[in-house]
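**Q** Please work out how this folds:
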Amino acid sequence: MGQRRRNKKQKKPIDIDWAGLPDNILEIIFERLNLMDCMSVSEVCKSWRHVVAQELSGWQGHGFPWLLMSGEKDKRVRTCVSILQEQEWEMLLPEAYGRYCWGSYHDWLILVKDLGSFRLDISLFNPFTRKQIDLPGAWNLYHKMVLSRLPSLENFICMLVHSHSQKLAFWVPGAQSWLEHKLDGEPFVDAVFSNGSFYLIGNDYNIWEIKGADIFAAINRVNASAPDAFDVERHFHEVTMSDEHENNGVLKYLVESCGELLLVCRFYSTNPGAVLVTNYFKVYSLNFSQMSWKRVESLGDRILFLGKCCSRSVSSSGLGLNVTDCIYFSNDHAVPWWNEWDSDHLDGISTRLGLDNSGRKDWGFFNLSNKNHETLSIRFRGNRDRWGPVWFTAPQWWCCKNLVLA
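**A** As a prediction, the model looks like this:
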């Protein structure tokens, strides 16, 4: 049988103007891409780059973790390092001149000026939008500030933490001063905000919880003429620890990660000749129903960035990176209540004491998937001569607008 020939009409190619897609359609697409893919599409055409270079609603808090180097208070240009991108560059920050960076919340920096006489001038500053929020002055007693949410949003709370005296101080937008509050019991060593509450951990691994709603309720009860009457409801949780280890030689970090409350224990050498030598890490998750710390063997695609002033958890798949079980950490001192402005004696201390500071670093890396890591020590040797750098986030829209993929 002869085969029939079918005359097929050739279809005309459809001419699609991809650059002319409506912005709202592009936003829906781009919000579903990881950061590296967004940086790629930003180089396709001007119209796409225009959309990607805006702060889309789904991108709040997303971006690349960077380190802001210490020891540059009197500079208008600060050194920034992206470990994941393996890049270093200078950022013009005249607003930060004469101020220390005390920590961050995503892309907002906490800036402090030491006024002397035990007084501090504090402000929140976004180096990418140049927005600034001035806070009331505070006593030079506290070692950390914790924020409940982005300062660009309404109803955020700032909490100052003083470890040894168990003192806290709270501020909300519109308040004229800090409202102080004191806890009882063991000194606490770190604090974080998670799922609507502030959590503080002591050396005994127990937890204090203060709900954000209770803080606002207490503030509403306070008479402006009698701030000393401020009293907020708090909850003490006795938490069991699955492992046994001594408090000596352990630095503790609280980290919020996908709704979980993580405790990261950093074990460092207690040998007098091994200053700032970190050996290994252990990670635990708080089981709220049993009130116990459960050992975490794998972080999955979560990357932890640890620092005395601020720590955070980031999804490697959200960044577009193939990284698992990673912990990046800054060169923190073992004493949690120190601040950079109290550590001028560190400058050049190795030379003065005749110590070898070569090979010592400002940050390190640990892979949690390494088995038997208690015996396989990483032996990270921290820089003796400089205060540890501070983590902050370069927002996704800014990266797409200003950074070029190699």
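
**Q** what's the distance between residue 304 and residue 243?
**A** 18 Å (C-beta to C-beta, to the nearest Å). For every residue, glycine as well, the C-beta is placed using N, CA and C.

**Q** oh, I was asking about residue 173
**A** The gap separating residue 173 from residue 243 is 41 Å, by C-beta to C-beta.

**Q** Repeat that for residue 114.
**A** Residue 114 is 39 Å from residue 243, by C-beta to C-beta.

**Q** Next: residue 88.
**A** Taking C-beta to C-beta as the measure, residue 88 and residue 243 are separated by 38 Å.

**Q** on that earlier part again, looking at residue 114 and residue 243, which one has more neighbours?
**A** Between residue 114 and residue 243, counted using other C-beta atoms under 10 Å, the more crowded position is residue 114 (18 against 11).

**Q** looking at this, the more buried one is in a strand?
**A** Yes - Residue 114: assigned to a strand according to DSSP: H, G, I helix; E, B strand; the rest coil.

**Q** And the helices in the stretch 151-300 of the chain?
**A** 212-221 (DSSP state H, counting those that start in this stretch).

**Q** For it, give me the ranges with low pLDDT.
**A** Low-confidence regions of the stretch 151-300 of the chain, defined here as pLDDT under 70, cover residues 223-229, 245-247, 272-275.

**Q** shouldn't residue 298 be in contact with residue 369?
**A** Yes - at 6.5 Å, residue 298 counts as touching residue 369 under the criterion of C-beta atoms under 8 Å.

**Q** anything in contact with each of the two?
**A** Contact with both residue 298 and residue 369 is made by residues 324-325, according to C-beta atoms under 8 Å, 6 or more residues apart in numbering.

**Q** Name the nearest residue to residue 184, ignoring sequence neighbours.
**A** Among residues not flanking residue 184 along the chain, residue 166 sits closest, at 6.8 Å (C-beta to C-beta, 6 or more residues apart in numbering).

**Q** how close does the one you found sit to residue 217?
**A** On the measure of C-beta to C-beta, residue 166 and residue 217 end up 22 Å apart.

**Q** Which one's more surrounded, the two?
**A** residue 166 (18 against 12).

**Q** what sits against the more buried one?
**A** By C-beta under 8 Å, 6+ apart, the contact list for residue 166 reads 182-185, 187-188.

**Q** Out of the residues you listed, which is nearest to residue 249?
**A** For those, the minimum distance to residue 249 (C-beta to C-beta) is 16.8 Å, reached by residue 187.

**Q** Contact partners for that closest one?
**A** Shown in contact with residue 187 (C-beta under 8 Å, 6+ apart): 163-166, 202-203.

**Q** and those, which two are the farthest apart?
**A** Farthest apart among the contacts of residue 187 by C-beta to C-beta are 165 and 203. That separation is 14.6 Å.
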